[in-house]
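J.: coords please:
(chains A and B)
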Amino acid sequence: ETGVTQTPRHLVMGMTNKKSLKCEQHLGHNAMYWYKQSAKKPLELMFVYNFKEQTENNSVPSRFSPECPNSSHLFLHLHTLQPEDSALYLCASSQVWRNGYTFGSGTRLTVV
Amino acid sequence: AQRVTQPEKLLSVFKGAPVELKCNYSYSGSPELFWYVQYSRQRLQLLLRHISRESIKGFTADLNKGETSFHLKKPFAQEEDSAMYYCALSVPLMKTSYDKVIFGPGTSLSVIP
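T.: Numbering: from 1, shown residues only, chains lettered A, B, ... in the order given. The predicted structure is shown next:
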C-alpha cells in the first residue's frame, strides 16, 4: 500500500497491558507525526519527529512512548493507559513545511 | 497563543446553494493555512493550501490578515461535498525545515439534496 499505513486499525486493551501502534510511510517524507483525535476535542498534536529525531513533545504523559527507528517508521508504545486515552490515533508525514500532511487511516484505541 | 477556531460545528445547505465554512486563527507570525477534509469512512486529506492559491473541487479560501480569517467557500454545493472540514495553521519548528500543524475543531457540512 502506498501512502501512510497504520496498524492495527482497531485495538482494545486493558489498563495494565502494553501494546504498540505502528505507522509506516512510503512517500520518502522526512517528518512524521502522532495526533490524537478524541470525540469532543480538536486533533491534538502529540509528537513530531524529523530525520528520526524528536523535535516536539506536546506535554504528552509518559505512558505514551514514541519511537522512530528510521524516517519511514514510527511507533507509539502504550502502557498502563487510562480509559480517557481511548481515541483515534492518527499518524501523518510530510516532506517540508507548507506542503501539508499525508495522514494514515488511524488506529481506533479502546482502553477498558 | 496559536489557535484555530471554527465557530460552526454543523452546517447544512441545500444542493446548489453557496457554502461558506468559517475559520479564524490566532498567530503572531506570518500564517500558513490549510483546509483538510474527511469524507465518510475515509482518511483525513489535504484539500487546499493558502500558499498555492488554488481551487480544488470548486472550493477556494482567501486569507484575510486584517480579520485573521481563512474562510472556505464554494459557489454551488454538491451532495458529495458532505464531509468534515478542518481548518489548520502551520507553525514552523525552530531550527528545522518542518512544522507542526494546529487544527481547528472542525465543521461537519451536510448538503441536502
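J.: which bits of chain A sit near chain B?
T.: Contact residues, chain A versus chain B (C-beta under 8 Å from any C-beta of the partner chain): A:30-31, A:33, A:35, A:41-43, A:45, A:48, A:50, A:55-56, A:90, A:94, A:96-106. Any C-beta I mention is one placed from the backbone N, CA and C, and that applies to glycine too.
J.: Confidence-wise, which helix or strand of the chain is lowest on average?
T.: By default, I'm working from chain A. Within chain A, no helix or strand scores below strand A:53-57, which has a mean of 72 by mean pLDDT, DSSP states H and E.
J.: wait, I meant chain B there
T.: Per-SSE averages on chain B (mean pLDDT, DSSP H and E): minimum strand B:99-103, a mean of 88.
J.: Return the list of helices and strands in contact with that strand.
T.: Counting contacts by 3 or more C-beta pairs under 8 Å, 6 or more residues apart in numbering or on different chains; DSSP states H and E, strand B:99-103 packs against strand A:31-37, strand A:44-50, strand B:3-5, strand B:32-38, strand B:83-92.
J.: could I get these as a markdown table with distance to residue B:62?
T.: Formatted as a markdown table, these follow (distance: least, C-beta to C-beta, whole Å):
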| stretch | distance to residue B:62 |
| --- | --- |
| strand A:31-37 | 27 |
| strand A:44-50 | 26 |
| strand B:3-5 | 16 |
| strand B:32-38 | 10 |
| strand B:83-92 | 13 |
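J.: Deepest-packed of the ones you listed, please.
T.: Compared across the helices and strands packed on strand B:99-103, strand A:31-37 shows the largest average neighbour count, a mean of 24 (mean count of other C-beta atoms under 10 Å in any protein chain shown).
J.: Just give me how far whatever helix or strand comes next after the least confident helix or strand of chain B sits from the chain centre.
T.: Sequence-wise, the next helix or strand downstream of strand B:99-103 (DSSP states H and E) is strand B:107-112. How far strand B:107-112 lies from its chain's middle: 13 Å, per C-alpha atoms, centre = their mean, to the nearest Å.
J.: can you list contacts of strand B:107-112?
T.: Defining contact as C-beta atoms under 8 Å, 6 or more residues apart in numbering or on different chains, one finds that strand B:107-112 is touched by B:6, B:8-15, B:19, B:21-22, B:77-85.
J.: ok so, going back, check the residues of chain A next to chain B for burial and list the buried ones.
T.: Buried members of the residues of chain A next to chain B, counted by 16 or more other C-beta atoms under 10 Å in any protein chain shown: A:30-31, A:33, A:35, A:42-43, A:45, A:48, A:50, A:55-56, A:90, A:94, A:97-106.
J.: can you list the residues of chain B near chain A?
T.: B:4, B:32, B:34, B:36, B:43-46, B:49, B:51, B:86, B:90, B:92-93, B:96-106.
J.: List only buried entries from those residues.
T.: Neighbour-count burial (16+ other C-beta under 10 Å) is assigned, among the residues of chain B next to chain A, to B:4, B:32, B:34, B:36, B:43-44, B:46, B:49, B:86, B:90, B:93, B:96, B:98-106.
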